[in-house]
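K.L.:
Sharing a model that was predicted from the sequence below.
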Amino acid sequence: MQKPPQIHFRGMDPSSAVEAAILERVESLERFHDRITSCNVVVEAPHRHSHSGRIYQVRVDVSVPGGEIIVGQAPESTHAHEDVLVAVRDSFDAARRQLEDFVRRMSGYRVKPHPEKLHGTVVRLVPEDGFGFIATDDGTEFFFRRESMSSVNQWPQLKQGSELRFTAHEGEQGPYASAVSLT
């Protein structure tokens, strides 16, 4: 880290135990991502006239090249935050999740897209053996089984010419369909 972590206490006296817990969490973030440039933490105690007990708020602000991660637990978020160390833990856990997401985005990580649903028509059906073939507009035929139907209750309704939606796959023996349903 280019700058040492900054820890501030508001509405409460500084605590060496809380400061030690924060520094341990900062080190954990640095082990995960070694390009953190700064980390500022504000631990805030609620006003003493609050009716719901002392629920602490911990704000974590982490700067990295290309972005900034800011986490601030709302004071009314949970009664577990009546313990300042729990509030510290939860805020740093949220900061780590955001940092992980940031690193994924910066590294070009992409979520695998779901396969596209295709439309087709039943061209052959062998109901006694529980399979058939679906043809798409381009003439490609996809094998499917009764078990490939999204709802087994739809199998008796199928006949040649029935319009279907399905997910296409390429197998060793050729194209086949899964998640088959009537349109």
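P.N.:
Thanks, I have it. Here the structure is a predicted model, which is why all the values come from computation and not from measurement.
K.L.:
what's around the closest residue to G67 other than its chain neighbours, how many residues?
P.N.:
Spatial nearest neighbour of G67, chain neighbours left out: F102 (5.5 Å); criterion: CB to CB, 6 or more residues apart in numbering. Every residue, glycine included, has its C-beta placed from N, CA and C. Residues within reach of F102, counting by other CB atoms under 10 Å, total 17.
K.L.:
got a list of what F102 touches?
P.N.:
V64, G67, I69 (CB atoms under 8 Å, 6 or more residues apart in numbering).
K.L.:
Also H33?
P.N.:
Here H33 is in contact with V64, L99, V103 (CB under 8 Å, 6+ apart).
K.L.:
ok, and the most crowded of these?
P.N.:
That'd be L99 among the contacts of H33, by other CB under 10 Å, with 21 neighbours.
K.L.:
ok, back up a step: of the contacts of F102, closest to D90?
P.N.:
Of all those, I69 has the smallest distance to D90: 14.7 Å, by CB to CB.
K.L.:
Look up phi and psi at the most centrally placed residue in the chain.
P.N.:
Nearest to the mean C-alpha position of the chain, by CA atoms, centre = their mean, lies D101 at 8.8 Å. With angles defined as degrees, to the nearest 10, D101 sits at phi -60, psi -40.
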